[in-house]
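# Everything below, folded, please.
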Amino acid sequence: MQRRSFTTLLATTMLATTVLAAAASQTQAQEFPNQPIRVIVPTQQGGSTDNIARLFQEAIQRGGHLAQPMAVANVTGAGGTVGTRQVKDADPDGYTLGVWHTGLVTSRAMEVTEYDHDGFEVIAQTGSIPLGLAVREGGPFATIEDLVEAAKTSPNEIRMATNIGLTVHFVPLIFQDAAGIEFRYVQTGGGSRRLQSVLGEHTDVALFSTQEFLNYAPSGLKPIVLFAEERHPKLPDLPTAQEIGYDVAWDEAFLWLAPAGTPDEVVETIGDALEAAFSDERVQTTFEEQAMNTDFKRREEATAMLDELRERANAVAGDIGALDEDTLPQN
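Here you go, the predicted model:
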């Protein structure tokens, strides 16, 4: 009798615990957010990723899609790893988020970091942007053919401004592998620093986004090739790599991340706010003006895209690993 009473008490206690946990989870989802949300951008202000974070921050606040404001914080260093690690190691309560890009996958593939998107809860992809190479207007390379020919004549002498391990490093490696050439990679940093390096003639070429092509054109930046399936209507005279015989295409996706273990209800709440903000008129106008792709993906679809990208990145990183070692500068 006593044993049955104990068993009954234990079962009742376990049931009560389960009910309380479910109630607490539901209450948390209903109350979230009840304080401002910090959004970490792992690069300096003014680049494509930072612009996306601030664009959606403003649209969410303008539309009242969350009960509390978002505050964007730029945490720079180590090619984005300082900022992404802060997001990864934060409390999984939804009050620390990150906005980054496919460099999260390429950095792991190239062994710059020990984590990729599996170390986070992927909230959503808020669009993407085509990428391409650009040089200094009036410099020695008027076309991509000029650049390739010079690189074939003088291997490992054409200086590529880059950010080691990120997409701006990875995509030129893919291109040089496809073209049978070798660049000399020079660590410079984010988009504005690569721009300064190229325009200052410290380097010869760098990878930029279509947004940066348009924004930096008055400074003297000249796009010479686009890594896309087709030409972009905002840049109709810019050829694709495929047009000149190199099968290289890569879009940079903008990703919203939360620490692993963040409750599903919180992830969905933030995803709902981002999806609502995506329809904002200013957001859509900005995407159009800045030559960005309006491909919004929720959690499952964005994660599947990153899984596929990881397979591709790992295969390419294995193929170019030795080449990468040879071409990286020692300084």
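# Which parts of the stretch 151-300 of the chain are helices?
167-179, 191-199, 210-216, 264-278, 281-289, 299-327 (DSSP state H, counting those that start in this stretch).
# Show me what the first one is packed against.
Taking 3 or more CB pairs under 8 Å, 6 or more residues apart in numbering; DSSP states H and E as the contact definition, the neighbouring helices and strands of helix 167-179 are helix 103-109, strand 120-136, helix 144-153, strand 159-162, strand 205-209, helix 299-327. Backbone N, C-alpha and C define where each C-beta goes, glycine included.
# got a list of contacts for that helix?
Where contact means CB atoms under 8 Å, 6 or more residues apart in numbering, the residues beyond helix 167-179 that reach it are 101-103, 106, 109-110, 131, 133, 148, 151, 160, 162-163, 182-183, 185, 194, 206-207, 227, 241, 246-248, 250, 252, 313, 316-317, 319-320, 323-324, 327.
# Of the residues you listed, select the buried ones using a PyMOL command.
Buried members of the contacts of helix 167-179, defined by 16 or more other CB atoms under 10 Å, are picked up in PyMOL with:
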select buried, resi 101+102+103+106+109+110+131+133+148+151+160+162+163+182+183+185+194+206+207+227+241+246+248+250+252+313+316+317+320+324+327
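# which stretch among the helices and strands packed on helix 167-179 comes nearest Phe278?
Nearest of these to Phe278, taken as CB to CB: strand 120-136 at 6.4 Å.
# what are the pairing partners of that closest one, and which direction each?
Applying DSSP bridges, strand 120-136 is found paired with strand 205-209 (antiparallel), strand 221-227 (antiparallel), strand 251-259 (antiparallel), strand 293-298 (antiparallel).
# Looking at those, which one is packed in the most?
strand 205-209 (a mean of 27; mean count of other CB atoms under 10 Å).
# quick check: angle from that one to helix 144-153?
140 degrees (axes from the mean of the first three to the mean of the last three CA atoms, to 10 degrees).
# Excluding chain neighbours, what is closest to Asp251?
Among residues not flanking Asp251 along the chain, Ser128 sits closest, at 4.2 Å (CB to CB, 6 or more residues apart in numbering).
# can you tell me which residues contact the one you found?
Ser128 neighbours (CB under 8 Å, 6+ apart): Asp251, Glu252, Ala253, Phe254, Met292, Asn293, Asp295.
# In the sheet, which residues pair with it? Tell me.
Following DSSP bridges, Ser128 is listed with bridge partners Ala253, Asn293.
# Look at the nearest residue to Arg108 once chain neighbours are set aside and report its pLDDT.
Take Arg108 and drop its neighbours on the chain: the residue closest to it by CB to CB, 6+ apart is Asp116, 3.8 Å away. Looking at Asp116, its pLDDT is 96.
# Ala315 too?
We have a pLDDT of 83 for Ala315.
# For Ala273, see how far away it is.
As judged by CB to CB, to the nearest Å, Ala315 and Ala273 stand 36 Å apart.
# repeat for Gln187
Noted for Gln187: a distance of 36 Å to Ala273, by CB to CB.
# more neighbours, those two?
Using other CB atoms under 10 Å, the more surrounded residue of Gln187 and Ala273 is Ala273, with 25 against 16.
# Who are the contact partners of the more buried one?
Each residue near Ala273 by CB under 8 Å, 6+ apart is listed here: Ile60, His65, Leu66.
# Let's see that with 10 Å instead.
33, 37, 56, 59-61, 63-67, 70, 123-124, 256 (CB atoms under 10 Å, 6 or more residues apart in numbering).
# In helices, which of the residues you listed appear?
The helices in this structure, assigned by DSSP state H, contain Phe56, Ala59, Ile60, Gln61, Gly63 from those.
# re earlier: want to try CSV for the helices and strands packed on helix 167-179, with distance to Val75 as columns?
Output for those, formatted as CSV (distance: least, CB to CB, whole Å):
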stretch, distance to Val75
helix 103-109, 15
strand 120-136, 15
helix 144-153, 34
strand 159-162, 20
strand 205-209, 21
helix 299-327, 21
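# For Gln284, which of the ones you listed is the nearest?
Per CB to CB, nearest to Gln284 of those: strand 120-136, 10.2 Å.
# just how off-centre is that closest one within its chain?
Distance, stretch centre to chain centre, for strand 120-136: 5 Å (CA atoms, centre = their mean, to the nearest Å).
# And for stretch 68-88?
With CA atoms, centre = their mean, you get 12 Å for stretch 68-88.
# Quick check: buried residues in it?
Neighbour counts using 16+ other CB under 10 Å place 70, 72, 74-75, 78-81, 83-88 of stretch 68-88 among the buried residues.
# Check stretch 232-246 too.
His232, Lys234, Leu235, Leu238, Pro239, Thr240, Ala241, Gln242, Tyr246.
# Show me which of these is closest to Ser279.
Nearest to Ser279 among the buried residues of stretch 232-246, with distances taken as CB to CB, is Lys234, at 21.6 Å.
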